[in-house]
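1. here is my input, please return the structure:
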Amino acid sequence: MKKRSLTVWGLVLQAIFLFSFVWLPGHASAKTTFNQYSITLDIWHDTPVGPLAPGDILSYQAGSFKIQQVNMPPAVKIQALGRKDGDSFIVPDVTFSKGGQVFTPRDILRVSPDGELGMFASAESLLLEPPSKISAIAFMDDDLVVVLDTVVQISNQVFTPRDLIRYSAGVPHAFFIGQDFDIPQSARIVSVDVTGSGQLLLSFSSTISLNGQVIRASDIVSVSLQNDSTITLAAKRELMLGSCAECRLGGFSATINEDVIFRTRFIDFWR
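-> The predicted model follows:
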């Protein structure tokens, strides 16, 4: 009987491991099954459905994977990825030309189902200038949330890489100021998501100390937008990245009428 009990528990632990990449622990109200998600990698890598280029998007839905090839030059990578109403939106990591149009790391592009690109929000419309780059994007209803990789001044407001800028009807304003939450000055937000349950999810580019907690690169923290706004650790990096020490969580976003969708570097998942 004891041997059988250990076997059963072994199967349970295996099941938890296999399904951990689609489960977000944390607040009781925020437990979310990822029945649909999209990811990108910054390197070429094999996936369950073939090789994935750094400029392609791998999506999972209803038990199946699909690679969406984005029509960009091979050297261009996806800097940020967002989802809204079933559509994908990306930011390239470098400037490139396509069809006589120039796209920059300050532009947000809509990806059509066949991988063609169209301008969704230009740098000019977002009041962004070089050398800044967009490092993360998310959507809140009809508003756009943006994180930049450097300190910028927009409409007489100063934003840092630990701040979130919210564009409402094209007008930028401070949505989340990292200093107000004791986020270190050196911290850089590289991923952001807003869930339907009112949780703001963030990850950082490097390890930081936050409210007595050590938050590592690719750990996910949660901020309640409806309650006390306390920052808590929502998920450790191992939940998404396993034992892959060199992997980093690239970003994540939410879609309307869907649960959270993570974009991450699941290199270890296919090894």
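
2. would you mark the buried spots in stretch 215-224?
-> 215, 217-224 (16 or more other Cβ atoms under 10 Å). Heads up, the C-betas are built off the backbone N, CA and C, glycines and all.

3. between the residues you listed, which is closest to Pro54?
-> Closest to Pro54 out of the buried residues of stretch 215-224 is Ser218 (17.7 Å), distances taken as Cβ to Cβ.

4. out of the buried residues of stretch 215-224, which is nearest to Gln68?
-> Distances from Gln68 to these, taken by Cβ to Cβ, are shortest for Ser218, at 23.5 Å.

5. test my guess that His173 contacts Phe159.
-> No - the criterion here is Cβ atoms under 8 Å, and His173 misses it with Phe159 at 10.1 Å.

6. what is in contact with these two at once?
-> Ile165 (Cβ atoms under 8 Å, 6 or more residues apart in numbering).

7. more crowded one of those two?
-> Phe159 (22 against 12; other Cβ atoms under 10 Å).

8. how much space separates the more buried one from Val194?
-> Going from Phe159 to Val194 by Cβ to Cβ, to the nearest Å gives 17 Å.

9. kindly report the same for Ile165.
-> 13 Å.

10. stretch 224-237: end-to-end distance?
-> 20 Å (Cα to Cα, to the nearest Å).

11. now do stretch 163-172
-> 12 Å.

12. buried residues in that stretch, which are they?
-> Result for stretch 163-172 [16+ other Cβ under 10 Å]: buried residues 163-167, 172.

13. same question for stretch 190-204.
-> 190-195, 197, 199-204.

14. just those now: which is nearest Asp141?
-> Val194 (9.3 Å).

15. hang on, the closest one packs against Met140?
-> Yes - using Cβ under 8 Å, Val194 is in contact with Met140, at 5.1 Å.

16. now for the protein, the helix or strand with the poorest mean pLDDT.
-> In the chain, the helix or strand scored least confidently by mean pLDDT, DSSP states H and E is strand 23-24, which has a mean of 35.

17. for Asp180, what are phi and psi?
-> Phi and psi for Asp180, reported as degrees, to the nearest 10, are phi -70, psi -20.

18. then Gly178?
-> phi -60, psi -40.

19. what about the helices in the stretch 151-271 of the chain?
-> 237-241 (DSSP state H, counting those that start in this stretch).

20. which other residues reach stretch 153-167?
-> For stretch 153-167, using Cβ under 8 Å, 6+ apart, the contacting residues are 121, 126-128, 135, 140, 143-152, 171-179, 183-185, 187-189, 192, 200.

21. nearest residue to Ile90 in space, please, no chain neighbours.
-> Ile78 (4.9 Å; Cβ to Cβ, 6 or more residues apart in numbering).

22. surely that neighbour meets Val94?
-> No - when contacts are counted by Cβ under 8 Å, Ile78 is not listed as touching Val94 (11.0 Å).

23. could the buried residues of stretch 215-224 go into TSV alongside distance to Ile57 and pLDDT?
-> As requested, the buried residues of stretch 215-224 are exported to TSV (distance: Cβ to Cβ, whole Å; pLDDT from 0 to 100):
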residue	distance to Ile57	pLDDT
Ile215	27	93
Ala217	22	84
Ser218	19	79
Asp219	24	82
Ile220	20	80
Val221	25	87
Ser222	25	85
Val223	27	87
Ser224	30	80
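
24. circling back to that earlier point, which of the contacts of stretch 153-167 are buried, as a PyMOL select command?
-> For the buried members of the contacts of stretch 153-167, the matching PyMOL selection, counting by 16+ other Cβ under 10 Å, is:
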select buried, resi 121+126+127+128+135+140+143+144+145+146+147+148+149+152+172+175+176+178+183+187+188+189+192+200
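
25. among the contacts of stretch 153-167, which lie within strands?
-> Those of those mapping onto strands are 121, 135, 140, 143-148, 152, 171-176, 189, 192, 200, per DSSP state E.
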